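Participant: Give me a model of this one.
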Amino acid sequence: MPPRARPFQFTKGAVHFPELALWLDAHDARRADEWVVVSHAHSDHIARHRRVILTEPTARLLRARLGGQREERVLRFGERTEFSGPQGDFALTLLPAGHILGSAMVLVEWRGGSLLYTGDFRLRPSPACEPCDFTLARDCDWLVMETTFGRPEYVFPPVSQVSADILQFCHHTLAAHATPVLLGWTLGKAQELLCLLANSGLRFAVHAAALPLARIYEQCGVRLGAYEALDDAGFGVPPSGGSGARPPEGGTPNAGRVLICPPTFAQSPQRTAFGPCRLAVATGWAMESSCKYRSGVDAAFPLSDHADFNELIELVRQVRPRRVFTTHGFAAEFAATLRDLSFDAEALVAAEQLTFALGVQPSH
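Facilitator: Next up, the predicted model:
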């Protein structure tokens, strides 16, 4: 039985094993004598570290987003790899998290026990990334899990229903002689929208910020369907190297096209170049009725790359850890839910806020 005290420090939202010189998703750049596991390439999970452990797709995406030089240790999913820390050896196994392409859970094994760190994850399959699989981590000692949607009102409808609703929005907008604009993050959400709508018969133009990342998805074997590059004047043009891109018809910006753009497009001056538009955001927060008003859009669709409330519970039930730590989102509420279900659970975020307020370092 492992001790009740948590075997790691939790500093600025990152898991740190000082005796192993190991960080999981550190937000601040770490030294050359420390390893940092980068679970995925979203901007809030990367920094200019000197030594990183990651999957091949995440390495490609990281190079595109961050640039610079670093020592990369690229691991395959399910590959157990030994490392030497200053106070002992440890083993790491990366497991597919189902969040975005290349996203990984991390199984850490050392003389003190075993810990699964989920990072961002979801159990629902997506055509745009590897399916989640944490089989090798079952019955671990500790589980550190993200709980972005850790309240019971966040249960997402089937993806097939959400996709049908998005298609209906696009068709109705086009019938009204306006341009449908789907807003989603340039990494992950943009590519998932392309995958889900690839066989719809609609034509798509993708914002320039998402194009290099879309090409990496295609290089890694993800089929995004046909799409065009969106230029500043609102014309769709074939992206260099893009697969299956179709040329624009005539010279009219956006004629019959659906645009896929980052959320910042809603307030961008560029929007005026595109003529009459109707905007829709794709996000798990669309479960809240106020989402579209807060986002300044015409519609909001609950398409998320995070686990919903039921999936969070399902993960804990299947992993069967001895103790659970929750972080991000509704961490405190979900930890209370787990205690009601007889799991030993604690919210890391609340603990960190308390220790910072008291001016002391987090316990370890």
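Participant: How is this protein divided into domains?
Facilitator: Following automatic domain parsing, one gets these domains for the chain: 9-153+306-358, 159-301.
Participant: a markdown table please, covering those and showing mean neighbour count.
Facilitator: All C-beta spots, glycine's among them, are computed from the backbone N, C-alpha and C. Below are the domains of the chain laid out as a markdown table (neighbours: other C-beta atoms under 10 Å):
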| stretch | mean neighbour count |
| --- | --- |
| domain 9-153+306-358 | 19 |
| domain 159-301 | 18 |
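Participant: rank the ones you listed by mean pLDDT and give me the bottom one.
Facilitator: Comparing mean pLDDT across the domains of the chain, the weakest is domain 159-301, with a mean of 87.
Participant: Any idea how far apart the tips of it sit?
Facilitator: End-to-end distance for domain 159-301, by C-alpha to C-alpha, to the nearest Å: 10 Å.
Participant: and if you look at stretch 196-216?
Facilitator: End-to-end for stretch 196-216, by C-alpha to C-alpha: 18 Å.
Participant: Any idea how far it is from the middle of the chain?
Facilitator: How far stretch 196-216 lies from its chain's middle: 18 Å, per C-alpha atoms, centre = their mean, to the nearest Å.
Participant: do the same with stretch 126-136
Facilitator: In terms of C-alpha atoms, centre = their mean, the centre of stretch 126-136 is set 13 Å apart from its chain centre.
Participant: how about it as CSV, C-alpha atoms only?
Facilitator: C-alpha atoms of stretch 126-136 as CSV (Å, rounded to 0.1, in the frame of the first residue of the first chain):
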residue,chain,number,x,y,z
SER,A,126,-12.4,10.9,-33.0
PRO,A,127,-11.4,10.4,-36.7
ALA,A,128,-8.7,13.1,-36.1
CYS,A,129,-6.6,11.3,-33.5
GLU,A,130,-5.6,8.0,-31.9
PRO,A,131,-8.3,6.4,-29.7
CYS,A,132,-7.8,6.6,-25.9
ASP,A,133,-6.3,3.5,-24.4
PHE,A,134,-5.1,3.3,-20.8
THR,A,135,-5.2,-0.5,-20.3
LEU,A,136,-1.6,-0.7,-19.3
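Participant: Show residues contacting it.
Facilitator: Stretch 126-136 has contacts (C-beta atoms under 8 Å, 6 or more residues apart in numbering) with 77-78, 93, 95-103, 105, 107, 116, 118, 121-123, 125, 159, 188, 191-192, 194-196, 217, 222-223, 305, 315, 318-319.
Participant: cutoff 7 Å now
Facilitator: 77-78, 93, 95-101, 103, 105, 107, 116, 121-123, 125, 191-192, 195-196, 217, 222, 319 (C-beta atoms under 7 Å, 6 or more residues apart in numbering).
Participant: Mind checking which of the residues you listed are in helices?
Facilitator: 191-192, 195-196, 217, 319 (DSSP state H).
Participant: Nearest to residue 50 among these?
Facilitator: Distance ranking of the ones in helices among the contacts of stretch 126-136 against residue 50, using C-beta to C-beta, places residue 217 first at 27.3 Å.
Participant: What's the end-to-end length of stretch 144-161?
Facilitator: Taking C-alpha to C-alpha, the first and last residues of stretch 144-161 lie 31 Å apart.
Participant: Give the full set of residues in contact with residue 280.
Facilitator: Residue 280 sits next to 166, 169, 180, 182-183, 297-301 when contact means C-beta under 7 Å, 6+ apart.
Participant: Let's have those residues in a markdown table, adding secondary structure and distance to residue 206.
Facilitator: Listed next are these as a markdown table, based on DSSP: H, G, I helix; E, B strand; the rest coil; distance: C-beta to C-beta, whole Å:
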| residue | secondary structure | distance to residue 206 |
| --- | --- | --- |
| 166 | helix | 15 |
| 169 | helix | 18 |
| 180 | strand | 13 |
| 182 | strand | 10 |
| 183 | strand | 12 |
| 297 | coil | 18 |
| 298 | coil | 20 |
| 299 | strand | 20 |
| 300 | strand | 20 |
| 301 | strand | 18 |
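Participant: Is it possible to get CSV of those that adds distance to residue 83?
Facilitator: Listed next are those as CSV, based on distance: C-beta to C-beta, whole Å:
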residue, distance to residue 83
166, 44
169, 48
180, 48
182, 42
183, 41
297, 46
298, 50
299, 48
300, 44
301, 42
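Participant: Direction included, what does the longest strand along the chain pair against?
Facilitator: Counting by DSSP state E, the longest strand found in the chain is strand 88-96. Sheet pairing for strand 88-96, assigned by DSSP bridges, gives strand 81-85 (antiparallel), strand 104-110 (antiparallel).
Participant: And what about the closest residue to residue 306 other than its chain neighbours, helix, strand or coil?
Facilitator: Residue nearest to residue 306 in three dimensions, not counting chain neighbours: residue 148, with 4.7 Å by C-beta to C-beta, 6 or more residues apart in numbering. Three-state call for residue 148 (DSSP: H, G, I helix; E, B strand; the rest coil): coil.
Participant: Could you do the one 4 residues further on as well?
Facilitator: Reduced to three states with three-state DSSP, the structure at residue 152 is coil.
Participant: one step back: please tell me I have it right and the residue nearest to residue 306 contacts residue 328.
Facilitator: Yes. The criterion here is C-beta atoms under 7 Å, and residue 148 meets it with residue 328 at 5.3 Å.
Participant: what's the spatially most central residue of the chain in contact with, if anything?
Facilitator: Central residue of the chain (C-alpha atoms, centre = their mean): residue 99, 4.6 Å from the mean position. Residues in contact with residue 99 (C-beta under 7 Å, 6+ apart) are 40, 119-122, 129, 305.
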